[in-house]
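Peer 1: take this sequence and fold it.
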Amino acid sequence: MSEARSRQVIIAGAGIAGLTAALSFAVRGYPVRIFERAPKLEESGAGIQLSPNATRILDRLGVLAALRLTAVRPTAVIIRDAASLAELGRVPLGSAAEQRWRAPYITLRRSDLQAALLAHVAREPGIELVTDARVIGASLHAHGVTASVETAGETMRAGGLILVGADGVWSTLRGLNGSKGTSRFAGELAWRRTVSAGSAAAKSLIDLGVAGAVSAFVHPGFHLVTYPVHGGNALNLVAMIGGAAMTETWSGKMDITVLKRAMQRTAPALRGLADDGEAWTVWPVHTVAPSEPWIAAGGIALIGDAAHAMTPYAAQGAAMAIEDAETLALHVVGRQGTLAASLAAWEKQRRSRILRVARRGAANHRAWHASGPVARVRNAYLRMQSPARLAAGFDWLYGWEPPAPR
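Peer 2: Next comes the predicted model:
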């Protein structure tokens, strides 16, 4: 096998995970081919939060500088009671985050992140991006992996060292490594909306003190998160409620009365967000059990949502995909033994991290949607914690550095 093919990385999916993986391999001298099933790359989702554990990696890849042009560095994460609007707790961000965790916490539009990643991919001569091309299968052999790619009505073969499945929560590659190949609806719906900073909806929120911060309004069975994007010219809103399964899509529609019922006991300023006649899009939250296999020893690895899609309660979905991409490249490039051993070590190392993050998200879900005595205990606990002490609780998450490959 040629030198180029012996190092060739094949990636299925050009989302955050796939593009970050492409850069992580390319900057270390590995040629990359990305196959994206969409004919045209388009934004999915609205806003996104990137904590220091993710921005630190993006900075090393040269992407962070472009993001700073439109991203916002929020001053804090503020937790409020959605009925009384009382502040329950605050985690300082801004310059305090950069000093404590050596990288910024930023909020931005998902499209801005994708555009920055794509711009860097385009500048890397070792990366080829092919759209309207779907990886439909793969065969493992002594020399690596050969992917079957459907494009322009034909099936082509692409050979290389490793196939990286970065094709999202509804991955078609998940079954190739022995997993059951399906995601599970988590029983939660994310209602999403972005409003301009000058709109009536934004002004009603800004009057509550959300300007420049990530604000979480908590209530039994419901919570609303708001944060600035697009240089502060817009606010991203995400309301999380329980609900029934719906079509697997990032931009579904649903009767607004469902959201109104969930918000009926919240403060008037919040209830008004569901009464102003403006459209929301609905995303059904799907998860993938992190216990499922992520690798096939001969040369397949799943990353991001394809491997371990989680609920958004820790705001770490994108960050975990970025971490996956960087650590996978480090393990493959820096391997001392066989590729199979390197992939197994990577999966073991990452699984412990992912499980801890998932547990944090589950704890947040219970706390934010608590009612009765549990909610009163939550409120008392948060009020007793200083901002510095609350920040210290994130050191293991935001201060994380990619460990050395084993």
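Peer 1: use CA for all of it now, contacts and neighbours both
Peer 2: Will do.
Peer 1: give me the buried positions along stretch 357-370.
Peer 2: Judged by neighbour count (16 or more other CA atoms under 10 Å), stretch 357-370 contains these buried residues: 357-358, 361-362, 365-370.
Peer 1: wait, I meant stretch 398-406
Peer 2: When neighbours are counted by 16+ other CA under 10 Å, the buried residues of stretch 398-406 are found to be 398-400, 405.
Peer 1: run through who's touching that stretch.
Peer 2: Applying CA atoms under 8 Å, 6 or more residues apart in numbering, the set of residues contacting stretch 398-406 from outside is 51-53, 100-102, 323, 326-327, 330-331, 334-335, 342, 345-346.
Peer 1: buried subset of those?
Peer 2: Neighbour counting by 16+ other CA under 10 Å classes 51-53, 100-102, 323, 326-327, 330-331, 335, 342, 345-346 among the contacts of stretch 398-406 as buried.
Peer 1: confidence score at residue 313?
Peer 2: Among the per-residue scores, residue 313 shows a pLDDT of 94.
Peer 1: does the closest residue to it other than its chain neighbours sit in a helix, a strand or a coil?
Peer 2: Nearest-residue entry for residue 313: residue 361, 4.6 Å, with adjacent residues in sequence omitted and distances by CA to CA, 6 or more residues apart in numbering. Judged by DSSP: H, G, I helix; E, B strand; the rest coil, the three-state class of residue 361 is helix.
Peer 1: from here on, count from 391
Peer 2: From this message on, residue numbering opens at 391, which makes the last subject residue 751.
Peer 1: okay but residue 751 is in contact with residue 707, surely?
Peer 2: No: counting by CA atoms under 8 Å, residue 751 does not reach residue 707; the two are 10.3 Å apart.
Peer 1: so what sits against both of these two?
Peer 2: With contacts taken as CA under 8 Å, 6+ apart, residue 751 and residue 707 have residue 701 as neighbours in common.
Peer 1: name the nearest residue to residue 477, sequence neighbours excluded.
Peer 2: Using CA to CA, 6+ apart and skipping the chain neighbours, the partner closest in space to residue 477 is residue 470 (4.4 Å).
Peer 1: so that neighbour, which of the three states?
Peer 2: Following three-state DSSP, residue 470 is assigned to strand.
Peer 1: ok, back up a step: with the buried residues of stretch 788-796 in mind, which one is nearest to residue 551?
Peer 2: Comparing those against residue 551 with CA to CA places residue 795 closest, at 18.2 Å.
Peer 1: from residue 726, how far out is the closest one?
Peer 2: Look at residue 795 and residue 726: by CA to CA, to the nearest Å, they are 9 Å apart.
Peer 1: about what we covered before: which of the buried residues of stretch 788-796 sits closest to residue 411?
Peer 2: Ranked by distance to residue 411 (CA to CA), the buried residues of stretch 788-796 are led by residue 795 at 16.2 Å.
Peer 1: show the model's pLDDT score for the closest one.
Peer 2: For residue 795, the predicted pLDDT is 75.
Peer 1: ok, now residue 413?
Peer 2: Predicted confidence (pLDDT) for residue 413: 98.
Peer 1: so which elements touch the helix or strand harbouring it?
Peer 2: Using DSSP states H and E, residue 413 sits in helix 406-416. Using 3 or more CA pairs under 8 Å, 6 or more residues apart in numbering; DSSP states H and E as the contact criterion, the neighbours of helix 406-416 among helices and strands are strand 399-402, strand 422-425, helix 500-513, helix 707-723.
Peer 1: most tightly packed of those?
Peer 2: Scoring the helices and strands packed on helix 406-416 by mean neighbour count under mean count of other CA atoms under 10 Å gives strand 399-402 as the most buried, with a mean of 28.
Peer 1: overlap in contacts of residue 795 and residue 726?
Peer 2: What both residue 795 and residue 726 touch, as defined by CA under 8 Å, 6+ apart, is the set residue 732.
Peer 1: which residue comes closest to residue 602 once chain neighbours are left out?
Peer 2: Leaving out its chain neighbours, residue 602 is closest to residue 464 (CA to CA, 6+ apart), at 5.1 Å.
Peer 1: report how many residues lie close to that neighbour.
Peer 2: Counted with other CA atoms under 10 Å, the burial measure for residue 464 works out to 26 neighbours.
Peer 1: same question, residue 463
Peer 2: Using other CA under 10 Å, residue 463 has 26 other residues around it.
Peer 1: check residue 519 too.
Peer 2: 18.
Peer 1: ok so, going back, quick check: the residue nearest to residue 602 touching residue 494?
Peer 2: No: the pair residue 464 and residue 494 fails to qualify as a contact (CA under 8 Å) at a distance of 9.4 Å.
Peer 1: joint contacts of those two?
Peer 2: residue 484.
Peer 1: OK, contacts around the residue most central in space within the chain?
Peer 2: Compute the mean C-alpha point of the chain, and by CA atoms, centre = their mean the closest residue is residue 708, 2.0 Å away. Under the criterion of CA under 8 Å, 6+ apart, the neighbours of residue 708 are 406-407, 438, 440, 444, 694.
Peer 1: could you find the closest non-adjacent residue to residue 713?
Peer 2: The spatially closest residue to residue 713, leaving aside those adjacent along the chain, is residue 444, at 6.7 Å (CA to CA, 6+ apart).
Peer 1: how near is the one you found to residue 630?
Peer 2: Plainly put, residue 444 is 24 Å away from residue 630 if you go by CA to CA.
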